[in-house]
Each structure stands twice: as structure tokens, then as C-alpha cells.
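J.: just to be clear, the model below is a prediction. Sequence and coordinates:
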Amino acid sequence: MRIMGIVNVTPDSFSDGGLYLDAEAAVAHGIELAAEGADVLDVGGESTRPGAEAVDAREEERRTEPVVRALAGAGHTVSIDTAKASVAEAALGAGARIVNDVTAFRGDPELAGVCADHGCDVVLMHMLGSPRTMQDDPRYDDVVDDVKGFLSERIESALEAGAAEERIWVDPGIGFGKTLEHNLALLRRLGELRELGRPIIVGTSRKRFIGAITGRDANERIGGTVASNVLALANGADAFRVHDVAEVREALDVTEALTRRRDWGVDERFGAESRETPA
Ligand code: HH2
């Protein structure tokens, strides 16, 4: 199980926009998240919240590159949350090891090649439409089957572009063109995505579907964030992208201990053979 801590260097992210816009504050926040138990720090310079305006590539690079350089330089594993090849190239040059692309290589035709050249890990996420339009009446035949089919096609496309299969992660894109029911179905049936044969990462952190259930604002969704990540772990997720690392780490450590199948040596001592040879 891996926890990815979110470092948003943006003025407008939905829950922490503007808090870490200054590089120094972003780096300090990343270091704090690592101390709380994040295995990977996901640095992003463009909000993908519904309706968000696109950010110019040079501005996105200006926000993220120094933060990536400082965190990677301090020995942390850094991922760059971008759909742009030039931003990814700068981040990989500054020490990032993972590219987290919410468009799954559909946003920038150059990005897959940049990732293949660097041999980095890539996160391919499902989104219906674009952030500007994705929440306008999203529809699926069967949301889990549709997301699975999409991710399968994007894996193939990444492989054709030169990505190494063992470096690909998949993400159902919670909140990206999904109603409350779509998000719940994806989390309940997450295990079906295991058939893709790649590790699954999920991002439920503080998202609107939690607020729709609890009535809480973005900064008051820790309980819902913890609950959804616990269920996701139990249902087969491998990595968890969150803002509240300390709380989620604690919950997932306990969930992992509770759900792990421990080998008590029972089969050896009371296995078929010993049953067949009663005294
Ligand atoms: N969610 C957000 C951004 N990037 N990447 C992956 N792989 N999966 C996600 O679910 C995901 C993501 C949105 O969250 P956040 O970064 O907190 O907000 P914003 O996009 O407004 O910066």
C-alpha cells in the first residue's frame, strides 16, 4: 500500500487553493506530508476542479519545477500531476519519477513519448470530457465496465507509445465526470478493475461526493475521506492520493493489518494429510 500526498501549487484548487502557492510553503508542506507517512509527493500546478480554467504551460512549469527539484533533492519520491509534456519534461529533469496524467495521455500528444524516453512510472486516469464540462450530465452504460474499457484502451495506447507495462498505474478518476452514484459504484466494484492487471490508485480525498453524503465543506471531509480509502483498500486499491496523510495512513495501516491473510501454519499442521490419517 502506497500513500501519495497532495502538494497543490495552485491559487484555485478546490480544497487547498492558494495555501501553498509560494514554492517555499509548498516544499515545507511536502516535507510535512512525507513526515506524516506519504510515500510519494504529487506536485500539481493546475487545478482540475470542475469548471477550472486551463493554465499556460510556462506558468504551470514555473509553479511546479522548483518544488519538484527541492523535494526530489531532499530524497523524496515525487510525482508530477500534469497533462503537459513540457511541464513533465521539466519535472522529470528536476528529479520527479512519476507522471500523473488525469487525461491518460489524451491531452498532449507529446507526453507519452516524454514518459517513454525517461522510463518513468505513469498514472493513467479516467475522465469523461474535460474539467470544464465533465460534470454536465455524465452518462455511462455501466460506469465500471466503461471505465475499465477506457483504461484498457489507454494501457494499450501507452504501450504502443513505448511505456513499459510494469510502470503503468490505473485510476478510475473519482469525481471526474461522475455523479454520486457513479463514484459509489466505482468504489464498491473497484475489484473489477484488478482484471486490468495493473496497480490501482484512487483519489477520493475531500471530494464533492463525500460532501453530497455528509453535507460537509471541503475542509471538513476527513471522516469521509478515511472511510472511502479504507473501503478502497479492502476492495483492492494499491495506492491512495490524499491531502490528510496522517489520518489516512493510520486508518490504512490498521485496515491492512485487519485484512491481511496471516499464515498461521494451519494448513501444515491440520492439512488434508493429517485429516486422512486418523489414529
Ligand atoms: N484528483 C485530482 C487531481 N489529480 N490525479 C489522480 N491520479 N487521481 C485523482 O483522483 C486526482 C488527480 C483533484 O484533486 P485536487 O488535486 O485536490 O484538486 P484540484 O484539481 O482542484 O487541484
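T.: Noted; the coordinates are in hand.
J.: give the contact list for residue 4.
T.: 38-42, 79, 100, 201, 239-242 (CB atoms under 8 Å, 6 or more residues apart in numbering). Heads up, the C-betas are built off the backbone N, CA and C, glycines and all.
J.: with residue 21 instead?
T.: 9-11, 63.
J.: now swap in residue 34 and tell me
T.: Residues in contact with residue 34 (CB under 8 Å, 6+ apart) are 5, 41, 71, 76.
J.: please identify which of those residues is nearest to residue 93.
T.: residue 71 (14.1 Å; CB to CB).
J.: check the gap between the closest one and residue 81 for me.
T.: To residue 81, residue 71 is 13 Å away according to CB to CB, to the nearest Å.
J.: residues shared between the contacts of the two?
T.: With CB under 8 Å, 6+ apart, residue 71 and residue 81 have common neighbours residue 43.
J.: not counting its neighbours along the chain, what's nearest the closest residue to the ligand within the stretch 1-150 of the chain?
T.: Here the stretch 1-150 of the chain gets closest to the ligand at one residue, residue 13, 3.1 Å apart by CB to the nearest ligand atom. Computed as CB to CB, 6 or more residues apart in numbering, the closest residue to residue 13 that is not its neighbour in sequence is residue 47, at 4.7 Å.
J.: ditto for residue 134
T.: Nearest residue to residue 134, sequence neighbours excluded (CB to CB, 6+ apart): residue 177, at 3.7 Å.
J.: how about the residues of the chain near the ligand?
T.: 6, 8, 10, 13-15, 44, 47-49, 81, 100, 102, 123, 125, 171, 173-174, 201, 203, 241 (CB under 6 Å from any ligand atom).
J.: change it to 5 Å
T.: Residues of the chain lying close to the ligand by CB under 5 Å from any ligand atom are 8, 13-14, 47-49, 100, 123, 125, 171, 203.
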